[in-house]
Each structure stands twice: as structure tokens, then as C-alpha cells.
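**Student:** Coordinates for the following, if possible.
(2 chains)
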Amino acid sequence: GAGVSQSPSNKVTEKGKDVELRCDPISGHTALYWYRQRLGQGLEFLIYFQGNSAPDKSGLPSDRFSAERTGESVSTLTIQRTQQEDSAVYLCASSSSGEPIPRYGYTFGSGTRLTVV
Amino acid sequence: QKEVEQDPGPLSVPEGAIVSLNCTYSNSAFQYFMWYRQYSRKGPELLMYTYSSGNKEDGRFTAQVDKSSKYISLFIRDSQPSDSATYLCAMSEGGGGADGLTFGKGTHLIIQP
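**Tutor:** Here you go, the predicted structure:
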């Protein structure tokens, strides 16, 4: 596609339920990133994939969070047993190499707005 | 102390004014500095990047980095209502993606017609 596509755009879930967020990167982009943006806060880096490999998962907030990527395409971010503090916008970005800057830059999706009630 | 400090605003200026947006940071290892613009309910888009210290100009936008003071700025000349958005500074130690980018909270800018 022409841009990074994220689904769903909005998700309201009950506390304790599991949710799965999806990201379709730009075709041919080998690198993929997940960020979390809480209300009034800056973007918080969660995880980076080069291909389907994530060399460092330490940015994930807790063991309730997991992420995977199929080849160099779609990625899913799964949050188990959701808590109210998980409410945020989850943003995905892709780039054509492991260098997000400067030649290629990130291209962000519009995000998934998650609300845990 | 947070790694990147940015005044959240809102900053309201009349159309045509020069806008100055700033961030300070504490990590002296940061070498790559970026400014992103984010419209409501959209993802951030890259506006400017600078490597190390110095200035960079692109149309109405000028980015400045002063590593000695750990201070970066974005200037917008002849501001337009369409410039109304949240501006996020971001920085990184290396050019690789594995360490991600460290963002400020963003400054909400309003250009009054």
C-alpha cells in the first residue's frame, strides 16, 4: 500500500481482556517499529523489527506485551490482560532499512487508539 | 530528569509570525536530531533532521542544534494556519533503528488566521 496501515483505528476493551493490534508496513520496508503515545506524553519506543527478527524486546512495558512479525510484512502487537494504564495510542512505523534517519526516515501509521475500561 | 524536555504549550501566534520551538536534552551521546509534525489523530511526519551541531534550512523551516548547550530549535517563518499541529522533537544516539528514537512530549502550536 501507499502508507503504513494500522487496524483497528479505535479499540475499546474491558480490563482483563486481550487485544491484538495490527500493522501493515509499506511494501518493501524491512524495518518496523512500535511506539506508544500516552495522553500528554511523548512517543515511547517499544520494539524494533529488522525483517522478522526483534533483537531487543526490553522496551516492551511488561510481560503482558508481545510482538511478532511475519517475514517483512504484517506485525501484530498483543496485550494480554489489559489494564487501564495500557490506554494509549499505539503507533507503528516502517522504514526501508534499519536506519530510521536520515535518508529514509520513518513513515508512521495513524495509530490504534486503545481505551481500556 | 527526563531525557528530553519540551514545553507542551499551547503556543498561539498570529499568522505570519516567526515561531520558535525548542527542546533540551540530557544525553550527550545523542547525535541525530529530528522534528516531526503531528496533526490530530494522525501519525507524526518527519519535517527536518540534523546530524550533530549546526543549522539546516528547508523552505520556511530552520532547524538548529547546539550540542554544547544540549538545546535544539525549530523556527517556522511566515507561519500559516496549516502549520497548526503538534511538533515533536526526537533524537537518537546512532543511525541504526535498534535503539529507537527518544521523543519530547510535543508542543501544541496554534496559528491564528
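
**Student:** who touches the residue most central in space within chain A in this structure?
**Tutor:** Chain A has A:W34 as the residue nearest its centroid, 3.1 Å off, counting by Cα atoms, centre = their mean. Residues near A:W34 by Cβ atoms under 8 Å, 6 or more residues apart in numbering or on different chains: A:C23, A:L46, A:I47, A:A67, A:S75, A:L77, A:Y90, A:L91, A:C92. Every C-beta, even on glycine, is put in place using the N, C-alpha and C of the backbone.

**Student:** Please, which helix or strand holds the second one?
**Tutor:** Applying DSSP states H and E as the criterion places A:L46 in strand A:43-50.

**Student:** Show residues contacting the next helix or strand after that strand.
**Tutor:** Scanning forward in sequence from strand A:43-50 by DSSP H and E, the next helix or strand is strand A:65-69. Applying Cβ under 8 Å, 6+ apart, the contact partners of strand A:65-69 are A:32, A:34, A:46-47, A:49, A:51-52, A:54, A:57, A:60, A:75-80.

**Student:** redo that, cut-off 10 Å
**Tutor:** A:20-21, A:23, A:25, A:32, A:34, A:36, A:46-54, A:57, A:59-60, A:74-80, A:86, A:92 (Cβ atoms under 10 Å, 6 or more residues apart in numbering or on different chains).

**Student:** picking that back up, do the strand holding A:L46 and chain B come into contact?
**Tutor:** Yes - contact of strand A:43-50 with chain B (Cβ under 10 Å from any Cβ of the partner chain) involves A:L43, A:E44, A:F45, A:L46, A:I47, A:Y48, A:F49, A:Q50.

**Student:** Distance to B:L47, pLDDT and neighbour count for those - can I get that in JSON lines?
**Tutor:** Output for these, formatted as JSON lines (distance: Cβ to Cβ, whole Å; pLDDT from 0 to 100; neighbours: other Cβ atoms under 10 Å in any protein chain shown):
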{"residue": "A:L43", "distance to B:L47": "15", "pLDDT": "93", "neighbour count": "28"}
{"residue": "A:E44", "distance to B:L47": "21", "pLDDT": "94", "neighbour count": "17"}
{"residue": "A:F45", "distance to B:L47": "19", "pLDDT": "93", "neighbour count": "19"}
{"residue": "A:L46", "distance to B:L47": "23", "pLDDT": "95", "neighbour count": "22"}
{"residue": "A:I47", "distance to B:L47": "25", "pLDDT": "94", "neighbour count": "24"}
{"residue": "A:Y48", "distance to B:L47": "22", "pLDDT": "91", "neighbour count": "25"}
{"residue": "A:F49", "distance to B:L47": "25", "pLDDT": "91", "neighbour count": "24"}
{"residue": "A:Q50", "distance to B:L47": "25", "pLDDT": "87", "neighbour count": "17"}
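
**Student:** shaky segments in chain B?
**Tutor:** B:1-2, B:95-96 (pLDDT under 70).
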